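1. Have a look at this prediction, sequence included:
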Amino acid sequence: MQPRPIMDLDGTNIEGVFFDIDDTFSSEGKITAEAYTALWKLKNAGITMVPITGRPAGWCDHIARMWPVTAIIGENGAFYFMMKGGRMTKHYTADPSRRSEYKERLQSVREEIMRDVPGTDVASDQDYREFELAIDYCEDVTPLPHAAIDSIEGIFQKHGATCKTSSVHVNGWFGDYDKLTTAKIFIEKELGLNPDADNDKFTFAGDSPNDEPMFTFFNNSVGVANVMDFADRIQNMPKYVTKSKSGAGFSELASLILHSK
């Protein structure tokens, strides 16, 4: 089913915004003044703000400390980090005791991808990851065709890893979790709400295939306009779509929520 225009979304009851970072909040690799201002406006209006990203733990530590957010869910749901009483707290969905085991298994996946998929590379932020292997297919390498992305996904899957494709990387990991799993844990543990019963109090904004679980679950899910670039790779599209791409689309969503209050 095709997404409805963002103007059809009723933002009256929305109390929390989950959102992807790359190409949803950012635009061509940068966070614009427009998008960052929109984030501050939502935070100052009392909206719970939680980015959900495939980016690494090292980035997430900085974002939880420095951005106007309530928490951040990172590495596609491996954990969430948040500040409480001025101190960093970390909740892991992935099993920290198996971190070394997972890294060893992912090393075999890495070697096979590097050997069998020419033109790709390990993501430049890999050293800051705790649980994932991120393969760059367009961020710092010449963009690869869909066939190459399919090959990368196939190698992850052959090794029994879960993998999700973002707008810049193919991310793979071992463990039974994803963005939605950890978002639900956060809603229950930190907000004291029921993810199902209180579904309409939240929205999620994203742009790529790794956001599909969130698009499917949240009644108010939103895709920024560039989500349509992945229409052939996303079975369950967001419920609504913005007119503008990336950070400008995020700002559209923010304006709608703020004007509905």
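-> Looks like it arrived, so ask away. Keep in mind the model is a prediction, meaning the values are calculated, not measured.
2. got the CA positions of the host helix or strand of H62 in PDB?
-> Take DSSP states H and E as the rule and H62 turns out to sit in helix 57-66. C-alpha atoms of helix 57-66 as PDB (Å, rounded to 0.1, in the frame of the first residue of the first chain):
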ATOM      1  CA  ALA A  57      28.400   2.700  20.000                       C
ATOM      2  CA  GLY A  58      31.100   5.400  19.800                       C
ATOM      3  CA  TRP A  59      28.800   7.700  17.900                       C
ATOM      4  CA  CYS A  60      25.900   6.900  20.300                       C
ATOM      5  CA  ASP A  61      27.900   7.800  23.400                       C
ATOM      6  CA  HIS A  62      28.500  11.300  21.900                       C
ATOM      7  CA  ILE A  63      24.900  11.700  20.700                       C
ATOM      8  CA  ALA A  64      23.400  10.700  24.000                       C
ATOM      9  CA  ARG A  65      25.600  13.300  25.700                       C
ATOM     10  CA  MET A  66      25.500  16.200  23.300                       C
END
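3. Show me what it packs onto, helices and strands only.
-> strand 72-74, strand 79-84, strand 87-92 (3 or more CB pairs under 8 Å, 6 or more residues apart in numbering; DSSP states H and E). (Each C-beta comes from the backbone N, C-alpha and C, glycine too.)
4. buried set for that helix?
-> Judged by neighbour count (16 or more other CB atoms under 10 Å), helix 57-66 contains these buried residues: 57, 59-61, 63-64.
5. what do you get for stretch 132-151?
-> In terms of neighbour count (16+ other CB under 10 Å), stretch 132-151 has its buried residues at 132-137, 139, 144, 148-149, 151.
6. how about JSON lines for the residues you listed, with pLDDT and distance to R110 added?
-> Below are the buried residues of stretch 132-151 laid out as JSON lines (pLDDT from 0 to 100; distance: CB to CB, whole Å):
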{"residue": "E132", "pLDDT": "96", "distance to R110": "11"}
{"residue": "L133", "pLDDT": "98", "distance to R110": "6"}
{"residue": "A134", "pLDDT": "98", "distance to R110": "10"}
{"residue": "I135", "pLDDT": "98", "distance to R110": "8"}
{"residue": "D136", "pLDDT": "97", "distance to R110": "12"}
{"residue": "Y137", "pLDDT": "96", "distance to R110": "14"}
{"residue": "E139", "pLDDT": "96", "distance to R110": "17"}
{"residue": "L144", "pLDDT": "97", "distance to R110": "16"}
{"residue": "A148", "pLDDT": "97", "distance to R110": "16"}
{"residue": "I149", "pLDDT": "96", "distance to R110": "16"}
{"residue": "S151", "pLDDT": "97", "distance to R110": "14"}
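7. what does the host helix or strand of I155 rub up against?
-> Counting by DSSP H and E, the element that carries I155 is helix 146-158. Contacts to helix 146-158, defined as CB atoms under 8 Å, 6 or more residues apart in numbering, come from residues 109, 112-113, 116-117, 119-120, 133, 135, 137, 162-163, 165, 170, 172, 233.
8. swap the cut-off to 10 Å and go again
-> If you take CB atoms under 10 Å, 6 or more residues apart in numbering as the criterion, helix 146-158 is touched by 106, 108-113, 115-120, 133, 135-138, 143-145, 161-165, 169-174, 209, 232-233.
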